[in-house]
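J.: The following block contains a protein sequence and its predicted model.
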Amino acid sequence: MNKEVRNYRRTKMQKEHIVETLREKGCRITKQRLMLIDIILEEECQSCKEIYYKAVKADAKIGTATVYRMVNTLEEIGAITRNSMYQIACARECEIEDACTVELDDDTIYHLSAKKWNTVVREGLKACGYMDTQNIRAVTVRQCECAGEFS
C-alpha cells in the first residue's frame, strides 16, 4: 500500500473518530465544521488565523469566530493540541508511520511510528516511576533555548 493511500486512510479514520466524538458531545456537524477538520488534518497550521485564511478560500461566508470556536472545541475533546502548531493528537492505536523523528548527536536518525513513540514514552515514564496504569493523553515538546539539545 503506497503512502498516499495510508495517509488517506489515517486521515479518514481520524476524521470519523473526531466527528463521532463531537456528536457524542452534542455538537452539530455542519459543512463548515467538517471543512475545518479537513484543513487541520491535511495542513500544519500555526494559528487560528492561518486556518481561517485557508477556510475562507473554500467558503467566503466562514467567520473567524467559527474557526476559534471549532479549534477550542477540538482542543476540549482532545482531538488537537495547541503547542507550536495545531496537529491532531495520536492515540496509542494510531497508525501514523513517521509521527516522531529522533536525531542523535552522532547523526543517527530514528523515525518512529505513533505506536512506537507512544510505547517509548510510556515505558520511559514507567521506568522513571512517573506512571503506573494510566494512558498518555498528549505529549508536548517545546524547542528549548539551548540549541535544541537534550541531555
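T.: Now that the structure is in, tell me what you want to look at.

J.: Quick check: which ranges of the chain have low pLDDT?
T.: Within the chain, the segments meeting pLDDT under 70 span 1-11, 44, 81-99, 137-151.

J.: where along the chain do the strands fall?
T.: In the chain, the strands defined using DSSP state E lie at 80-82, 86-88, 100-103, 109-112.

J.: Just give the strands next to the third one in its sheet, each with its orientation.
T.: Just to be clear, that refers to strand 100-103. strand 109-112 (antiparallel) (DSSP bridges).

J.: where along this structure do the helices fall?
T.: 3-24, 31-42, 48-58, 64-76, 114-127 (DSSP state H).

J.: Which residues does the second one contact?
T.: Outside of helix 31-42, the residues within contact range by C-beta atoms under 8 Å, 6 or more residues apart in numbering are 11, 14-15, 18-19, 22, 27, 45, 51, 54-55, 58-59, 62, 66-67, 70-71, 74, 80, 86-88. C-betas here are computed from N, CA, C, even on glycine.

J.: Give the buried residues for it.
T.: Neighbour counts over helix 31-42 (16 or more other C-beta atoms under 10 Å) mark Gln32, Arg33, Met35, Leu36, Ile37, Ile39, Ile40, Leu41 as buried.

J.: same deal with the fourth one?
T.: Along helix 64-76, these residues count as buried under the neighbour rule (16+ other C-beta under 10 Å): Thr66, Val67, Met70, Val71, Thr73, Leu74.

J.: ok, of those, which one's closest to Asn118?
T.: Nearest to Asn118 among these: Leu74, at 20.1 Å, using C-beta to C-beta.
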